[in-house]
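Sequence and predicted structure below; questions after.
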Amino acid sequence: MKKIPVIMDVDTGIDDAVALILAMSSPHIDLKGVTVVAGNQILDKTIYNTLSVVDYFGGGDIPVAKGASKPLVKELYYDAATHGESGLGTAQLPKPAITAHRLDAVDFIKETLENSEEKVTLVPVGPLTNIALLLMCYPHIKEKIDKIVMMGGGAFEGNMNAVCEFNMFVDPEAAQVVFDSGVDIVMCGLDITMKSYTTMEDILRIKATGTKAGEFCAEAFGVYYDRYVNNSRLPGCAVHDAVAVTYLLHPEWIHTERANVKVDIDGTETYGQTVCDMRPNRNRHLDNATVCMDIDREKFIDLLVAACESYK
Ligand code: RIB
Ligand code: CA
């Protein structure tokens, strides 16, 4: 399998960290850089967490660039209740020895794509502010994007309210820019990520790997697991962002549907909703996204365990 050139955009957070660990462990992903946005926590904390995770698990030679500290229009809403005051739950990592790249997120992505001989896949797993700014500031760069594989949205459910998912909720205007951009989008929304949960048995398997990745993930999942089990119908915690990376590695494990996806920025009760038209009689020429609907959860968990084991 040829290496896939990737730039991830994260708001590290617990599941962002797991997604980074998975991506950095894979011989099939050429992680050319990581850009950071505010979301799960304020930018100072998401950039610190990302530097810590990349340095400790990635060897420190992967560039990390700082992006937007707030959404395009809304004030920042961040989620300390789910990811904790640090953004990584109760997990502790050594102080990072690396610092942020000299370029900001948008110019880092632009420069990296312009210098790349092949198209690059963008994997945003937080609010889409950085990606929207890139597309607005440098429209020509679309030609160097292979596709955008994002975590966010939901065809049939929300987690901030009945219809809106967190990443879309934080920056609906940015999401609309991205979905209207004409770039090929793979949407890993709640329809699939809420089926990608880790049970306590799965967490104990991850811990039993005995590696630094297994120890970190098991600790980070602690309060995250409790919050999900106590506040959702799930028998475990949803590892949302790792699903976007899993799509790159094993799309055959994932059921998808083509759709026309529009982001509502005018509604009161529906502000930030990803409205997914999958009707059989729709105008299929308007389809702008591949929406992920289901995953082989057992294989997903085995992949996470294998990724943690690889850090022996
Ligand atoms: O709704 C889940 C998403 O919001 C995930 O990306 C999580 O990290 C948070 O950013
Ligand atoms: Ca995230």
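That came through fine. Ligands and ions are numbered 1, 2, ... in the order given.

quick check, stretch 240-259 touching ligand 1?
Yes. Counting by C-beta under 6 Å from any ligand atom, ligand 1 has neighbours in stretch 240-259: 240-241. The way it works is simple: take the backbone N, C-alpha and C, and place the C-beta from them, glycine included.

buried sites along that stretch?
Burial within stretch 240-259, assessed by neighbour count using 16 or more other C-beta atoms under 10 Å, is assigned to 240-249, 253-254, 256-257, 259.

lowest confidence element among the helices and strands of this protein?
helix 80-83 (a mean of 90; mean pLDDT, DSSP states H and E).

Restricting to C-alpha, output it in PDB.
Coordinates of each C-alpha in helix 80-83 appear next as PDB, following Å, rounded to 0.1, in the frame of the first residue of the first chain:
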ATOM      1  CA  ALA A  80     -14.000  21.100  29.400                       C
ATOM      2  CA  ALA A  81     -16.800  18.900  30.700                       C
ATOM      3  CA  THR A  82     -15.900  16.100  28.300                       C
ATOM      4  CA  HIS A  83     -12.100  16.500  27.800                       C
END
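
who's in contact with that helix?
By C-beta atoms under 8 Å, 6 or more residues apart in numbering, the residues outside helix 80-83 that reach it are 13-14, 40-41, 87, 89, 224, 227.

For ligand 1, see how far away the residue most central in space within the chain is.
For the chain, the residue nearest the mean C-alpha position is V125 (1.8 Å; C-alpha atoms, centre = their mean). Going from V125 to ligand 1 by C-beta to the nearest ligand atom, to the nearest Å gives 5 Å.

quick one, what contacts the residue in the stretch 151-300 of the chain that ligand 1 sits nearest to?
Nearest residue of the stretch 151-300 of the chain to ligand 1 (C-beta to the nearest ligand atom) works out as F166 at 3.6 Å. For F166, the contacting residues are 39, 79, 152, 159-160, by C-beta under 8 Å, 6+ apart.

coming back round to it: and the closest residue to the residue nearest to the centre of the chain other than its chain neighbours, what is it in contact with?
Among residues not flanking V125 along the chain, D241 sits closest, at 3.7 Å (C-beta to C-beta, 6 or more residues apart in numbering). D241 makes contact with 10, 13, 15-16, 18-19, 125, 151, according to C-beta under 8 Å, 6+ apart.

would JSON lines of the residues you listed with pLDDT and secondary structure be doable?
JSON lines is the format used below for the contacts of D241 (pLDDT from 0 to 100; DSSP: H, G, I helix; E, B strand; the rest coil):
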{"residue": "V10", "pLDDT": "98", "secondary structure": "strand"}
{"residue": "G13", "pLDDT": "97", "secondary structure": "coil"}
{"residue": "D15", "pLDDT": "98", "secondary structure": "helix"}
{"residue": "D16", "pLDDT": "98", "secondary structure": "helix"}
{"residue": "V18", "pLDDT": "98", "secondary structure": "helix"}
{"residue": "A19", "pLDDT": "98", "secondary structure": "helix"}
{"residue": "V125", "pLDDT": "99", "secondary structure": "coil"}
{"residue": "M151", "pLDDT": "98", "secondary structure": "strand"}
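
Now which of those would you call buried?
By neighbour count, with 16+ other C-beta under 10 Å, these hold 10, 13, 15-16, 18-19, 125, 151 as buried.

Please enumerate the helices of the stretch 1-150 of the chain.
Assigned by DSSP state H, counting those that start in this stretch, the stretch 1-150 of the chain shows helices spanning 14-25, 43-58, 80-83, 105-115, 129-137.

Could you identify which of these is most buried?
Of these, the one with the most neighbours on average (mean count of other C-beta atoms under 10 Å) is helix 14-25, at a mean of 27.

Run the angle between it and helix 43-58 for me.
Put simply, helix 14-25 runs at 30 degrees to helix 43-58, going by axes from the mean of the first three to the mean of the last three C-alpha atoms, to 10 degrees.

what about the residue of the chain positioned farthest from its centre, distance to M293?
Most distant from the centre of the chain: N281, at 31.4 Å, with distances by C-alpha atoms, centre = their mean. For N281, the distance to M293 equals 19 Å [C-beta to C-beta, to the nearest Å].

For the stretch 151-300 of the chain, which segments count as helices?
Ranges of helices in the stretch 151-300 of the chain, per DSSP H, counting those that start in this stretch, are 166-170, 172-179, 190-193, 200-208, 212-231, 240-249, 297-309.

Tell me which of those helices sits most buried.
Taking mean count of other C-beta under 10 Å, helix 166-170 is the most buried of those, at a mean of 28.

Report the mean per-residue pLDDT for it.
Average pLDDT, helix 166-170: 98.

what's the closest of the helices of the stretch 1-150 of the chain to ligand 1?
Using C-beta to the nearest ligand atom, those put helix 14-25 closest to ligand 1, at 4.6 Å.

which residue packs closest to Q273, ignoring adjacent ones?
Q273 sits nearest to V163 (C-beta to C-beta, 6+ apart), 4.2 Å away.
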